[in-house]
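Participant: 3D model of this:
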Amino acid sequence: MEDFVDAFLLEMKNKRDQKHSTFTSEYTIKQLIKTVSDVFVTGTETTTTTITWAVLYLTAKQDIQARVFRKINAIVGKDRLPSLQDKHYLVCTEAFIMEVLRVCNIATVNLPHTCAVDTKLRDFDIPKGTTLLPDIDSMLFDPEIWGDPEEFRPEIFISEEGTVTKQEEFIPFFTGRIIFSTNYSITFSMRSKNPYEIN
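Facilitator: Below you'll find the predicted structure:
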């Protein structure tokens with residue numbers, strides 16, 4: 001199996017003899033086409049926007065541009081393309097990309113999530129089943145986490161040892177499956193006597 005399309009087509013083949021399967025209608029092929037189109041468009045748009053912001057910051061921050069260029073030139077050279085094996089050595093480049101993703105935050109409101117259990121968040125009661133729209137900016141621009149969050153500083157992602165460090169709060173595309181009451185308290189490192197009450 002190569003990819004999502006292969007898995008989808010295999011599932012259609014496996015379910016073709018099942019009378020009430022959702023994988024046996026002509027409508028299913030239309031769903032597959034629309035899903036693949038959505039994935040393609042979404043990936044293209046986020047990539048384009050990220051590259052645009054990266055170019056703008058490289059233009060505005062000549063010192064960072066020079067540092068990234070020198071390092072890529074030293075590690076990769078001019079006779080080949082960069083590869084994933086180079087990533088470990090291109091610390092300032094990776095930190096630059098991470099800072100672009102943090103400051104430019106192209107996914108300000110993420111996909112809706114559902115509260116798994118009744119939860120109390122400060123003075124608010126959030127009933128189980130409530131739809132929540134996470135505000136990623138509140139995490140990526142929190143001065144308690146990033147110091148001066150409006151300032152473009154790739155070095156915040158570089159440890160004293162000179163390696164890339166990824167803070168737990170760095171979530172430019174948010175996270176995967178969310179069980180709100182549990183993960184909110186873990187993500188924001190807030191402690192409470194009641195695990196579902198966040199002060």
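
Participant: C-alpha only now, for contacts and for neighbours.
Facilitator: Fine.

Participant: the helices in the chain, which residues?
Facilitator: Taking DSSP state H as the criterion, the chain contains helices spanning 4-15, 26-60, 62-75, 91-104, 137-140, 143-146, 180-187.

Participant: please identify the buried residues of the second one?
Facilitator: Of the residues in helix 26-60, T50, W53, A54, Y57, L58 count as buried by neighbour count, 16 or more other CA atoms under 10 Å.

Participant: between the residues you listed, which sits nearest G147?
Facilitator: Y57 (19.6 Å; CA to CA).

Participant: circling back: I'd like the buried residues of helix 26-60 laid out as TSV, including pLDDT and distance to F170.
Facilitator: Formatted as TSV, the buried residues of helix 26-60 follow (pLDDT from 0 to 100; distance: CA to CA, whole Å):
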residue	pLDDT	distance to F170
T50	92	16
W53	96	18
A54	97	17
Y57	98	19
L58	97	21
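
Participant: quick one on the thing from earlier: please convert the helices of the chain to CSV, extending it with distance to R153.
Facilitator: Below are the helices of the chain laid out as CSV (distance: least, CA to CA, whole Å):
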stretch, distance to R153
helix 4-15, 37
helix 26-60, 11
helix 62-75, 9
helix 91-104, 7
helix 137-140, 13
helix 143-146, 10
helix 180-187, 22
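
Participant: of all these, which lies closest to P154?
Facilitator: Of the helices of the chain, the one closest to P154 (CA to CA) turns out to be helix 91-104, at 4.9 Å.

Participant: still on that earlier bit, of all the helices of the chain, which one is nearest A116?
Facilitator: Comparing these by CA to CA, helix 180-187 comes nearest, at 6.2 Å.
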